[in-house]
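1. Got a predicted model here, sequence first, then my questions.
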Amino acid sequence: MVFYFTSNVVSPPFDMYMGLDKFENEDLIRWGWPEDVWFHVDNYSSAHVYLRLKKNQTIDDIPQSVIDDAAQLVKANSITGNKMNNIDVVYTMWSNLKKTPSMEAGQVAYHKDKEVRKVRVEKRINEVVNRINKTKRESFPDLRAQREERDSEERQEQKKLLKQQQQKDKEDMKRKAEEAELRSYSSLHKEENMSTNYDDGNDSDDFM
């Protein structure tokens with residue numbers, strides 16, 4: 001089971017989701033999207049919350065209010081973190097998560113520590129948590145199928161863009177060739193490049 005939430009503090013809103021337990025988190029880790037940003041309470045057990053970016057967005061494009069929503073949701077779903085004030089929530093792109101066979105279920109590391117960010121959560125804000133929980137919905141998605149469909153659409157889009165670029169390059173080459181031909185034609189018609197059989201006033205018909 002996957003729980004889905006909506007951060008509607010901005011328009012258009014952002015989607016968030018998390019797993020039921022640490023075992024389901026394994027599937028989320030495995031089949032996450034490159035557009036997903038992972039959130040977790042730093043140094044304490046908590047839910048793994050994912051925030052899905054819009055197309056062409058980066059982690060730098062996330063509004064602070066949406067980051068705060070995700071952090072509140074993570075804190076509220078941490079047994080220890082929910083009871084504490086002034087905790088840190090870490091977040092990074094899904095692609096930066098590192099999983100090895102020796103790790104326990106739900107445990108992750110990072111490929112690059114410098115790409116992990118932190119946000120301080122001073123306390124639980126019930127108004128925020130309640131607002132987010134009102135958007136909660138449960139689903140049993142086929143995570144693998146969703147990821148494969150996403151990847152297929154991306155490949156089709158890349159093929160489309162490649163075809164468009166190839167067509168543009170072809171048109172550019174044709175245009176440059178036509179311009180070069182036009183310049184060559186114009187050069188032939190310049191006065192200094194033109195020849196004549198005019199005899200400069202010499203009316204003689206002699207060839208000798």
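-> Done, it's in. The structure presented is a predicted model; accordingly, all values stated were derived computationally and were not measured. Residues are numbered from 1 along each chain as shown.

2. Tell me how many other residues surround the residue lying closest to residue 143 once chain neighbours are set aside.
-> Nearest residue to residue 143, sequence neighbours excluded (CB to CB, 6 or more residues apart in numbering): residue 31, at 3.9 Å. Any C-beta I mention is one placed from the backbone N, CA and C, and that applies to glycine too. By other CB atoms under 10 Å, the residues close to residue 31 number 18.

3. Quick check: residue 57 touching residue 36?
-> No - using CB atoms under 8 Å, residue 57 makes no contact with residue 36, being 11.3 Å away.

4. more neighbours, the two?
-> Between residue 57 and residue 36, counting by other CB under 10 Å, residue 36 is the more crowded of the two (19 against 13).

5. how near is the spatially closest residue to that one that is not a sequence neighbour to residue 115?
-> Nearest non-adjacent residue to residue 36, counting by CB to CB, 6+ apart: residue 94, 3.9 Å away. Counting by CB to CB, to the nearest Å, the gap from residue 94 to residue 115 is 11 Å.

6. Comparing these two, which residue is more hemmed in?
-> More neighbours surround residue 94 than the other of residue 94 and residue 115, with 19 against 12 (other CB under 10 Å).

7. domains of the protein?
-> Using automatic domain parsing, the domain parsing of the chain gives 2-141, 143-190.

8. for the last one, what is the average pLDDT?
-> For domain 143-190, the mean pLDDT works out to 85.

9. Ok, stretch 60-70 next?
-> pLDDT averaged over stretch 60-70 gives 97.

10. Same check on stretch 108-116?
-> Here the average pLDDT along stretch 108-116 is 95.

11. What segments of this protein are helices?
-> 22-30, 64-76, 126-133, 143-188 (DSSP state H).

12. Residue 82: which of these is closest?
-> Checking those against residue 82 by CB to CB gives helix 64-76 as the closest, at 5.7 Å.
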